[in-house]
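[1] whatever this is, show me its structure:
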Amino acid sequence: MIDPRPRVLGAVVDDQTRCIHYGTPLDIIAIRFACCREFYPCHLCHAETAGHPAEQWPIADREEHALLCGVCGHLLTIAEYLEADRCPACRSAFNPGCKLHTHLYFRVDAIKP
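    Numbering: from 1, shown residues only. Here you go, the predicted structure:
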């Protein structure tokens, strides 16, 4: 059977998208990066293997499906993820510490002229 989930690149260590950098039971999210549209478990995996600098998703792209729940495979929009503390499909909890890295993945301030 072919796995319908998107591939997750980087130093992935299990089938729930944990990596060598973040491996707690709550580290179950992979992020589709705006620059390459590829999923990675974290910013460090992207930095080590992508071959290009990361770009943050613009605020205007909050409806883009850019987060993958490693437990059930549900794709979340950026807006859903930023408001959630768990997967809306399977109810698995997300690592609250990930909020500290929001600025690495998503623009959080309006662009000033």
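[2] those helices in the protein, which residues are they?
    43-49, 78-83, 102-105 (DSSP state H).
[3] okay, those in JSON lines with mean neighbour count, mean pLDDT and distance to residue 55 next?
    In short, each C-beta sits where N, CA and C put it, glycine included. Output for the helices of the chain, formatted as JSON lines (neighbours: other CB atoms under 10 Å; pLDDT from 0 to 100; distance: least, CB to CB, whole Å):
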{"stretch": "helix 43-49", "mean neighbour count": "18", "mean pLDDT": "97", "distance to residue 55": "10"}
{"stretch": "helix 78-83", "mean neighbour count": "17", "mean pLDDT": "96", "distance to residue 55": "13"}
{"stretch": "helix 102-105", "mean neighbour count": "17", "mean pLDDT": "95", "distance to residue 55": "9"}
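[4] residue 63 is nearest to which of the ones you listed?
    helix 78-83 (6.2 Å; CB to CB).
[5] quick one: pLDDT of the residue nearest the centre of the chain?
    In the chain, the residue lying closest to the centroid (CA atoms, centre = their mean) is residue 31, at 2.0 Å. Note on residue 31: pLDDT of 97.
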